[in-house]
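Asks: Pasting the sequence and the predicted coordinates here, then a few questions.
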Amino acid sequence: MQIVVDHLSCVYSEKTPFEKRALDDVSFCIEAGQSVGIVGCTGSGKSTLIQHLNGLIKLKSGKVTVLDIDLSAKKPDYKALRRGIGMLFQYPEYQLFADTVAADVKFGPQNFGMSKEEAEEAAREAITLVGLDYDVIKERSPLDLSGGQKRRVAIAGVLAYRPKILILDEPTAGLDPAGKREMLTLIDSLKQSFVETVITVSHNMDEIAEFCQRVLVLGGGKLLYDTTPEELFYHHDVESLGLSLPHAVRVVKTLESRGFSIPHALTEKDLTQALLTHLGGKAHA
Amino acid sequence: MRDVAFGQYYPSGSFIHKLDPRTKLIASVVYIVAIFLCTNYYSYLACFVFLATMVLVSRITIKSVLKTVKGVLFIVLITVIINVLFYSDGNLLFGWWIVRITDAGLIFASKMAMRLIFLVIATSLVTLTTTPMNLTDGLENLMTPLKYIKFPVHDVAIIMSIALRFIPSFIEEIDKIMMAQKARGAAFDNGGLIKRAKALLPVLIPLFVSAFRRADELAMALDARCYNATDKRTKMKKLTLTWRDAVAAIVTAVFLTAVILLRLGLFGLLNGVL
Ligand SMILES: Nc1ncnc2c1ncn2[C@@H]1O[C@H](COP(=O)(O)OP(=O)(O)OP(=O)(O)O)[C@@H](O)[C@H]1O
Ligand SMILES: [Mg+2]
């Protein structure tokens, strides 16, 4: 088990007029190799949950164990923990700070004790991995890049220390459709080759349906469902939670209500396939 | 980090919260004057009692009040240390090189410390019990006479309210950036002073970048909504004085009189003691 969360609760500004229960008795486990999505309407506690996973919020009640590090211990080894979990925040491009791209990407590796040469090597690898040319971009100021490039550099800054688990908070927010696609393909390819486990927070159900094998649904700080996308979108009422349905699911449901019976597709590709089969045509893969 | 936001509005709906901001501002100025009129311990006691009463009436937790003191503790300590070490009047208790610790020095330092602490608590009590909007409204109103000397009262007020409005946003922003850098292994709480200051760089730079971006956006938004295109603006909420303000004014006047009397030593029976 890579991540074990046991009866985790979190209350912000406790005992003040601003008191807010952000997480309420949440329990789940995540095994190595999974690709997990976290969804929930705004304010449901998604960010709070993932910030607990690498000890950015101090654990007050419940138990969290990540990569065999017990966060309820008196002095957890935060350095080892954070090296093992790469975490990309919402709008990560606003956190770039160094005067060159290379220096920014090397920040993480150097904090985690890599030597200059190792960090340089890691930065080169990470920047290449996110699809940028290291030699072209390394001396440029991160502030002069385009939005999409900035975000890639920010991701490279996390990948550079080779985390086992990658946590992404709304990685596609604010990107144009092409940028979104690229980002998703990148994350998917990372999942295949570079990191073991990917946890993605997203408001975009199409992304969740396409890229996650498992979905955690949060609502008002509680874990409402822990299931597969197929199960969630076809057998639970997600719309009452303020979430939308993936496009493919909406089409299938509409067709079903008109009396057609077609397989439960989650992505456009599956849907096309299913429709073609239904129509008796041949699909070209 | 958000908890560090000392002096931020703390709603409890108390008597003091409901006072007109102008009353609170004037009362706090009176209080500050009173603090500097204090000479003997009895007058300090009066200041303390007045302040403690206000804190109790405002129903703000002692914790959040003390937090505001924590913010200036460093300054208080420095003041005390300098005064204790270098105050030269009074009987010498301990002397070494240029250091002279005297009994008068100790007394003076303790009074200084009390003044500073009272001052901080009193001013933060105003911001704790008044919303930023109300506060600037009150200030603008009080500064109206300055218009006659061509002082841009309204502009200053709007600058202040924008500044106050953005404090929580920046605290939130700092919080977020710090978390992001911590996730990349940055450590903010170990090492010496220089190392710590250096560690703040990855937080300060994104913060400034975002502050400038926000300022730009805000200016654009103000322009887009024709801010200042008309010369006379009216208020949605007019400030009005109520019986509460009368009560507050009387209490403050009584307090000020007491401090003045104590200073002049007119309470004859105290004279012998002091
Ligand atoms: N530092 C904080 N102090 C006080 N309250 C907070 C803090 N951070 C979050 N909250 C509150 O806790 C609740 C959960 O917030 P959280 O950021 O985890 O939501 P979220 O699911 O990530 O939402 P979004 O989709 O908008 O990012 C919200 O009601 C929020 O107002
Ligand atoms: Mg969030």
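Replies: Thanks, I have it. Ligands and ions are numbered 1, 2, ... in the order given.
Asks: measure the closest residue to B:I162 other than its chain neighbours to A:I199 for me?
Replies: Take B:I162 and drop its neighbours on the chain: the residue closest to it by Cβ to Cβ, 6 or more residues apart in numbering or on different chains is B:L218, 7.1 Å away. All C-beta atoms are positioned from the backbone trio N, CA, C, and that covers glycine. For B:L218, the distance to A:I199 equals 35 Å [Cβ to Cβ, to the nearest Å].
Asks: which of the two has more neighbours?
Replies: Between B:L218 and A:I199, counted using other Cβ atoms under 10 Å in any protein chain shown, A:I199 has the larger neighbour count: 24 against 13.
Asks: What residues are recorded as beta-bridge partners of that one?
Replies: A:V36, A:I167 (DSSP bridges).
Asks: what's it in contact with, if anything?
Replies: With Cβ atoms under 8 Å, 6 or more residues apart in numbering or on different chains as the criterion, the residues that contact A:I199 are A:I30, A:V36, A:G37, A:I38, A:I50, A:L53, A:I165, A:L166, A:I167, A:L168.
Asks: On the three-state scheme, the residue nearest to B:I162 is what?
Replies: Following DSSP: H, G, I helix; E, B strand; the rest coil, the label given to B:L218 is helix.
Asks: What separation do you get for it and ligand 1?
Replies: 22 Å (Cβ to the nearest ligand atom, to the nearest Å).
Asks: Then A:C10?
Replies: According to Cβ to the nearest ligand atom, A:C10 stands 8 Å off from ligand 1.
Asks: In what element of secondary structure is the closest residue to that residue other than its chain neighbours found?
Replies: Distances taken as Cβ to Cβ, 6+ apart place A:L23 nearest to A:C10, at 4.0 Å, with adjacent residues excluded. Per DSSP states H and E: A:L23 is located in strand A:20-30.
Asks: Could you do A:I127 as well?
Replies: Using DSSP H and E, A:I127 falls within helix A:116-129.
Asks: name the helices or strands packed onto that helix?
Replies: Identification of packing neighbours for helix A:116-129 by 3 or more Cβ pairs under 8 Å, 6 or more residues apart in numbering or on different chains; DSSP states H and E yields helix A:101-111, helix A:134-137, helix A:147-159.
Asks: where do the strands sit along the stretch 51-200 of chain B?
Replies: Taking DSSP state E, counting those that start in this stretch to define them, one finds strands in the stretch 51-200 of chain B at B:92-96, B:99-102.
Asks: what packs against the longest one?
Replies: Right, the one you point to is strand B:92-96. Counting contacts by 3+ Cβ pairs under 8 Å, 6+ apart, strand B:92-96 is packed against strand B:99-102.
Asks: Counting by contacts, list what the strand it packs on packs against.
Replies: Secondary elements touching strand B:99-102 (3+ Cβ pairs under 8 Å, 6+ apart): helix B:62-86, strand B:92-96.
Asks: Pull the shortest one out as PDB, backbone CA atoms only.
Replies: Read that as strand B:92-96. Output in PDB follows, covering the C-alpha atoms of strand B:92-96 (Å, rounded to 0.1, in the frame of the first residue of the first chain):
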ATOM      1  CA  LEU B  92      23.700  52.100  39.600                       C
ATOM      2  CA  LEU B  93      22.800  48.500  40.100                       C
ATOM      3  CA  PHE B  94      25.400  47.000  37.800                       C
ATOM      4  CA  GLY B  95      28.000  48.600  35.500                       C
ATOM      5  CA  TRP B  96      30.400  47.200  33.000                       C
END
